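[1] My questions are about this predicted structure, shown below with the sequence.
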Amino acid sequence: MSKWQTLQTRSFLESTARQRAQGLVDEGSFTELVGPTERFISPHLPELGEAVEFDDGVVTGIGLLGKHPAIVISQEGRFIGGAVGEVGGAKMVGALKLAQSIYEKLQAENPAEVQARRPIVLISFETGGVRLHEANAGLLAHAEVMDQIQNLRHKVPVVSVVGSKIGCFGGMGFVAAATDVIVMSEFSRIGLTGPEVIEQEMGRAEFDASDRALVFRTTGGKHKYIMGDCNYLVPDSIAAFRQQAIAIAALPMDAIENLRRIGSRSAIERQMQLVAMAAEVSPTDAKDMWKAIGNENPQQLIDANYTDFMAQAKRLTPAA
Amino acid sequence: MALTQLKYEFSPATPRALPVPAVHFGVVGSGDMEVIIENKDLGGKAVATVVTPVTGFDHVWEMVLRRFMDECQLGNVAISINDNNATPVVVSLRLRQALLEIEG
């Protein structure tokens, strides 16, 4: 087996950012951009006596998914919790700009081929958001990434790939929400304020961050899938995320637009209905919402393996 | 507050070249490190640079690196390490894993 084939069978959760990036695209097609040997390290961390990393915790590159150029951004959670600073953020922005320029070139030179060959952006999130050591630069990076995602709207699908151990929290939770499509595994999480921060601010009675079952049924993939906050739930392997990315790359842009959870009048109306529903149910636990959506036995879904869960779970679909 | 930068130089008895231009391995997690080993014309010598928040372990770094260099006999290479409190055992392991990336 080649290195790439071995990667396919690996757990996405347990892989490094670079392994994920290499494995998501076609075999041998990944080219890293601004890789570790270029040594673009954070200018802020050495001032604070904090360890640096040659890629600043973000892997960026380009590969192929069939005929589609795939621009990959992959965050590394083991380096300062995947927190986004100035350099890592700039790499994200640069990758998104590259997607835009590839699209514009294709559109100008070969408009008939746009559907068959348009680029796709895959962002593998593993982060708590802004890197506090370089707060202003980190915040600015978040805003610039959001700007670029808006520039790609209706042109290039931007896909959140969330299968990491840390998941996607803080400012990057907003960024993930702003993408067109969200793909998760049940072992990963999405949220704004992380569980520990909620407990610290509001007390343990409000949210017990040491209760892993509670954390995962509030922020985990299964909950996000039922609530329609994520579009696709896949098993925890690099191959499974890759297969989903291939399927998304083949969709027409209208279908991609329908997968969005926010950003249009109809999406806002759906969100408002959900708010009304939540007010009516006044849930004390995620399970209350699962039940209100039509899942008679929520505990059974929590315990179910991937196949059984997918067969049984009733959900609110993002697409109207 | 600044990071410590350590530099070492080695003269392998039977220097051999790295078969690829450069190899990178590892993640700067807590208690972990990353390394880049790359070809560089140094007249047969090898140099190692370590960047770490830890102070006072210069001698230990030298011993760990020397043992690795004695074993692999790489010449004309520059080794760059970013460290975040890795123990000597982890350092040895990561250096060997970096070589396995190309030779394994």
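    Looks like it arrived, so ask away. Quick caveat, the model's predicted, so the values are computed rather than measured.
[2] which residues touch the residue lying closest to A:Arg78 once chain neighbours are set aside?
    Spatially, and ignoring its direct neighbours in sequence, A:Arg78 is nearest to B:Gly29 (3.5 Å; CB to CB, 6 or more residues apart in numbering or on different chains). C-beta: built from backbone N, CA, C; applies to glycine. By CB atoms under 8 Å, 6 or more residues apart in numbering or on different chains, the contact set of B:Gly29 is A:78-79, B:84.
[3] Turn those into JSON lines, columns for pLDDT.
    Formatted as JSON lines, these follow (pLDDT from 0 to 100):
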{"residue": "A:Arg78", "pLDDT": "97"}
{"residue": "A:Phe79", "pLDDT": "97"}
{"residue": "B:Asn84", "pLDDT": "97"}
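[4] Of these, which is the most crowded?
    Counting neighbours by other CB atoms under 10 Å in any protein chain shown, A:Phe79 leads those with 27 neighbours.
[5] Now the nearest residue to it once chain neighbours are set aside. Its backbone dihedrals?
    Spatial nearest neighbour of A:Phe79, excluding adjacent residues (CB to CB, 6+ apart): A:Gly57 at 3.9 Å. The phi/psi pair for A:Gly57 (degrees, to the nearest 10) reads phi 80, psi 10.
[6] Test my guess that A:Gly57 contacts A:Ala83.
    Yes - A:Gly57 is within contact range of A:Ala83, at 7.5 Å (criterion: CB atoms under 8 Å).
[7] the more surrounded of the two?
    Taking neighbours as other CB under 10 Å, A:Gly57 and A:Ala83 compare with A:Gly57 leading, 29 against 23.
[8] from the chain's centre, how far out does the longest helix seen in chain A sit?
    The single longest helix within chain A, with elements called by DSSP state H, is helix A:86-109. With CA atoms, centre = their mean, to the nearest Å as the basis, helix A:86-109 stands 18 Å off its chain's centre.
[9] ok, it near chain B or not?
    No - using CB under 8 Å from any CB of the partner chain, helix A:86-109 never reaches chain B; the gap is at least 12.7 Å.
[10] and that helix, average pLDDT?
    Averaged across helix A:86-109, pLDDT comes to 98.
[11] buried ones in it?
    For helix A:86-109, a neighbour-count test (16 or more other CB atoms under 10 Å in any protein chain shown) marks A:86-96, A:98-100, A:102-103, A:106 as buried.
[12] For A:Gly88, list the residues it contacts.
    Per CB under 8 Å, 6+ apart, neighbours of A:Gly88: A:42, A:55-58, A:75, A:131, A:141.
[13] Let's see which of these end up in helices.
    Of the contacts of A:Gly88, the ones assigned to helices by DSSP H are A:Ala141.
[14] Tell me the one of the contacts of A:Gly88 nearest A:Gln312?
    A:Gln75 (32.3 Å; CB to CB).
[15] For A:Ile62, see how far away the closest one is.
    17 Å (CB to CB, to the nearest Å).
[16] B:Pro53 and B:Asn85 touch, don't they?
    Yes - the pair B:Pro53 and B:Asn85 qualifies as a contact (CB under 8 Å) at a distance of 7.2 Å.
[17] hmm, back to that, show me what contacts the residue nearest to A:Phe79?
    For A:Gly57, the contacting residues are A:17, A:75-76, A:79-80, A:82-85, A:88, by CB under 8 Å, 6+ apart.
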